[in-house]
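1. sequence first, predicted model second:
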Amino acid sequence: MTGTSSAASSGLPWEELVTTALLGTDRRTSPGPGSGREAPVALLDAAAVETVRRRAGIRPVRAAVRPEPAAADGRPALPPAAARRLATLLADRPGTGGGRRGTAPDLMELLPQWLALANAYGYAAPPEALPALLDAARGRTDLRPAVLAFAGARALWLARLNTDWRFALRAAPGGGAALPGPDEPERVRRLWQEGLFAERVALLTALRAHGPATARELLASTWPAERAEDRLMFLDTLRAGLAAADEPFLEGALADRSRNVRATAAELLSALPSSALAARMAQRATACVAVDRTSGTPTLVVEAPHECDPGMERDGVQPKAPAGRGERSWWLGQLVEAAPLGVWSRRFGGRTPEEIVALPVADDWQGELHGAWCRAAVRQRDAGWSRALLGAPSTPEAGGPGAVSLAERAKLLATLDDGERAEWVAGFIGTHGLSEAFQLLGVCAVPWAPPLGRAVVDALDIARDAGSYPWSFSGVMGLAERCLDPAEAVRLDPLAAAAEEPENAAPGAGGYWSEAFQRLTTTLRLRATMQAELTPL
C-alpha cells in the first residue's frame, strides 16, 4: 500500500488535518506512516485525498431561483461621445500617476460635475458602466447621491446581488422600494407602523416634501411611543418646509423628556419669527441690551442674565456653559441668537441693522453680542442683517463688526443671493488676496460669476509675480479647476507660458506656476468639451 493509500485509510476529519497543518508536523503527529522529513508529505497526501472525498460527497441541491430582470430605464441614452468620456473618468483612480500631477487634469475631480450635468439632462446610465459607477460611489460618499440618481433602479437591482454595493440600498429611500404617497393612506400607515427606521425616515421625508401636514400628523400619531434618538431624527425632518402650522407640535416637544429633542424643537421654533417661543426669547433678549444716551455717543450696554430659570431652560437655553465660557455670557448668547432680528430695530429707535452693528458696545460685550447676531442671521436667513454683519469686503481684515471668523463669514454669505455673494468675495480677494479666501470661495455658486473668476485669476497672477511657490495656493487652484467658468481659459493662456523669474523668487517657482496654469487651462477646456458632449443635439 502506498503512502497516499495509508493516509486515505486514516479517515481523519478535515478539521484535524487543518489543525496539524497550522501547528506543524514537528509538534503534532502527521497522519500516515511517514515521520521526520516525510511527515509533511504525508500530511499533504492526506489533505489531497480528503479534498477529493469532500468534493465527491457533495449532494446536488435545487437550483436557486433566478432573479427577476431589472426594470427598463426609460430615460434617453447618453450620446456616444459622453459615454466614452464617462468610461475615461471612471477609469482614473486617485494616486495612480504618483508624484507631480504635471499638466494633466484630475479626472476623478471632474466626475461630480459630469454627473451633475448628466442628471440635469436626464440621461440614463449605460448598463456596462454601472459596476464602475457603484465602485466609485462606494469609495467616495460625496458621489453617492449623484451616482444613484444617474444609475437609477438598475443600480439598486445590482446592489441586491453584491454585498459590496449594499450602501446603495441604505442610501436610497426605502431601500430602493417605491415609497407610498399621500394618496395611499393604507400603505403609508402600514410602512410607518411596520417599517425599519431608515424606511420610516425616508417615508416621513418624502411626505414632508409633498404634504407637510400629512407628515406632521403621521409623526404625532406615534410620537409618545418612539425612542428618544428616533424622535430626534424624526423631528429633524420638519426643517424642510417649516411653517407656522408646525408650531403647536413643536411647542409640545418643548416638554419632551429628552434634552436633545427639546433643544431641537426650540431651535426650529426660533426660526419662526412669529412663534410664541420667539416672542418669549425676544422679551428676554431685549431686556438684556439697551442704548445708553448719557454720554456723547449712543452706546449699547449689556446686562446678561443672572440665572437660567426653568422657563428659559424649557425654551431651549442650555444651563451649563462649556469649559472656559462664562455662564452669563453663555445664556445671553443663546437668548439673542433665538430672538427675531426684527425686534432690535424697534428696540433701538428704528435704526437699521447697519446702524445697530455700528454702535459701540460697552464693557467688552461686543464679541458676544455680535456673534449671537451672526448666528441669528444664519438661522433666520436674514440677508439684511448678514450684510450689516459682514461689512464691506475692503474693510481691515474684511470683518464687519460681527464677522469674527472666516467660518462665520462663510455662513453669513450663504444667506445672500448668488450674485451678491460672488461680488463680496471678489471684493475680499481684490483687497486681501487669496490667503484667506478658500473657505469663502467654497460657498459661491458654480461656475463662478465673471467678477469672481477674474478676481481669482488676477490674484493667482499676482502671487506668481511675487515669486511664491504655487503649492501655497494648491487648494484655490484645485477649486478653480472645478469652479472657474471655462470661458476664462482664453485669459489664462498668457499665464501658462513660462515667464522670467524675479530675483527674489523661490528657485524653480516660475516653472511650477507655468505647469499649474497649463493644467488649469487644460481642465477648463476639458470641462467645456464635457458640456458640449452632454448637450442634446
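-> Okay, I see it.
2. how many neighbours does the closest residue to Glu226 other than its chain neighbours have?
-> Leaving aside its chain neighbours, Glu226 sits nearest to Phe234 (6.7 Å; criterion: Cβ to Cβ, 6 or more residues apart in numbering). Where you see a C-beta, it was placed from the backbone N, CA and C, and this is true even at glycine. When neighbours are defined as other Cβ atoms under 10 Å, Phe234 has 21 of them.
3. didn't Phe234 look like it was pressed against Leu218?
-> No. If you go by Cβ atoms under 8 Å, Phe234 and Leu218 don't touch, sitting 9.5 Å apart.
4. and for these two, which residues touch both?
-> Overlap of the contact sets of Phe234 and Leu218 (by Cβ atoms under 8 Å, 6 or more residues apart in numbering) consists of Leu204.
5. now for the longest helix seen in the chain, which elements pack on it?
-> If you go by DSSP state H, the chain has its longest helix at helix 509-534. The contact analysis (3 or more Cβ pairs under 8 Å, 6 or more residues apart in numbering; DSSP states H and E) places helix 509-534 against helix 80-91, helix 107-121, helix 450-465, helix 474-483, helix 489-496.
6. show me what counts as buried in the shortest one.
-> Of the residues in helix 489-496, those scored as buried under the neighbour-count criterion (16 or more other Cβ atoms under 10 Å) are 489, 492, 495-496.
7. just the first one next, same as before
-> Taking 16+ other Cβ under 10 Å as the neighbour-count basis, helix 80-91 is seen to contain the buried residues 82-83, 85-86, 89-90.
8. re the thing from before, which residues touch the residue nearest to Glu226?
-> Under the criterion of Cβ under 8 Å, 6+ apart, the neighbours of Phe234 are 200-201, 204, 219, 226.
9. how much space separates it from Glu68?
-> For Phe234, the distance to Glu68 (Cβ to Cβ, to the nearest Å) stands at 33 Å.
10. for Leu389, same thing?
-> 57 Å.
11. same thing with Leu441?
-> Going from Leu441 to Glu68 by Cβ to Cβ gives 48 Å.
12. among the contacts of Phe234, name the buried ones.
-> 200-201, 204, 219, 226.
13. need those residues in CSV with distance to Ala362, secondary structure and pLDDT, can you?
-> Output for those, formatted as CSV (distance: Cβ to Cβ, whole Å; DSSP: H, G, I helix; E, B strand; the rest coil; pLDDT from 0 to 100):
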residue, distance to Ala362, secondary structure, pLDDT
Arg200, 52, helix, 89
Val201, 48, helix, 88
Leu204, 48, helix, 91
Leu219, 46, helix, 95
Glu226, 48, coil, 94
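14. show me which of these is closest to Ala244.
-> Checking those against Ala244 by Cβ to Cβ gives Leu219 as the nearest, at 17.1 Å.
15. any idea how far Glu247 is from the closest residue to that closest one other than its chain neighbours?
-> Of all residues not flanking Leu219 in the chain, Phe234 sits nearest, at 5.5 Å (Cβ to Cβ, 6+ apart). Distance, Phe234 to Glu247, by Cβ to Cβ: 17 Å.
16. per-residue pLDDT of Ala77, please?
-> Ala77 is assigned 96 on the pLDDT scale.
17. stretch 296-308: end-to-end distance?
-> Start to finish, the residues bounding stretch 296-308 are 34 Å apart (Cα to Cα, to the nearest Å).
18. with only the CA atoms kept, save the host helix or strand of Ala422 in CSV.
-> In the assignment (DSSP states H and E), Ala422 maps to helix 418-432. The C-alpha atoms that make up helix 418-432 are tabulated as CSV, following Å, rounded to 0.1, in the frame of the first residue of the first chain:
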residue,chain,number,x,y,z
ASP,A,418,-25.5,84.1,-5.8
GLY,A,419,-24.6,87.3,-7.5
GLU,A,420,-24.2,89.4,-4.3
ARG,A,421,-22.2,86.6,-2.7
ALA,A,422,-19.8,86.4,-5.6
GLU,A,423,-19.4,90.2,-5.7
TRP,A,424,-18.5,90.3,-2.0
VAL,A,425,-15.9,87.5,-2.2
ALA,A,426,-14.4,89.1,-5.3
GLY,A,427,-14.0,92.4,-3.3
PHE,A,428,-12.4,90.4,-0.5
ILE,A,429,-9.9,88.8,-2.8
GLY,A,430,-9.1,92.1,-4.5
THR,A,431,-8.2,93.7,-1.2
HIS,A,432,-6.8,90.8,0.8
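19. quick one: mean pLDDT over it.
-> Per-residue scores along helix 418-432 average to 95.
20. list the buried residues for it?
-> In terms of neighbour count (16+ other Cβ under 10 Å), helix 418-432 has its buried residues at 421-429, 432.
21. distance to Ala282 added to the residues you listed, as CSV?
-> Output for the buried residues of helix 418-432, formatted as CSV (distance: Cβ to Cβ, whole Å):
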residue, distance to Ala282
Arg421, 29
Ala422, 34
Glu423, 33
Trp424, 29
Val425, 33
Ala426, 36
Gly427, 34
Phe428, 33
Ile429, 38
His432, 36
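22. what angle do the helix or strand where Ala410 lies and helix 418-432 make?
-> Following DSSP H and E, the helix or strand that holds Ala410 is helix 406-413. Helix 406-413 runs at 150 degrees relative to helix 418-432, counting by axes from the mean of the first three to the mean of the last three Cα atoms, to 10 degrees.
23. and helix 406-413, what does it pack onto?
-> helix 366-380, helix 383-390, helix 418-432, helix 438-441.
24. residues touching Asp458, list them.
-> Gly430.
25. what residue lies at the spatial centre of the chain?
-> Closest residue to the average C-alpha location of the chain: Asp142 at 6.6 Å, with Cα atoms, centre = their mean.
26. that one reaches Pro112, doesn't it?
-> Yes. Contact between Asp142 and Pro112 holds when scored by Cβ under 8 Å: they sit 7.0 Å apart.
27. how near is Ala245 to Arg216?
-> For Ala245 relative to Arg216 (Cβ to Cβ), the value is 8 Å.
28. those two: which is more packed in?
-> Taking other Cβ under 10 Å, Ala245 and Arg216 do not tie; Arg216 has more neighbours (22 against 12).
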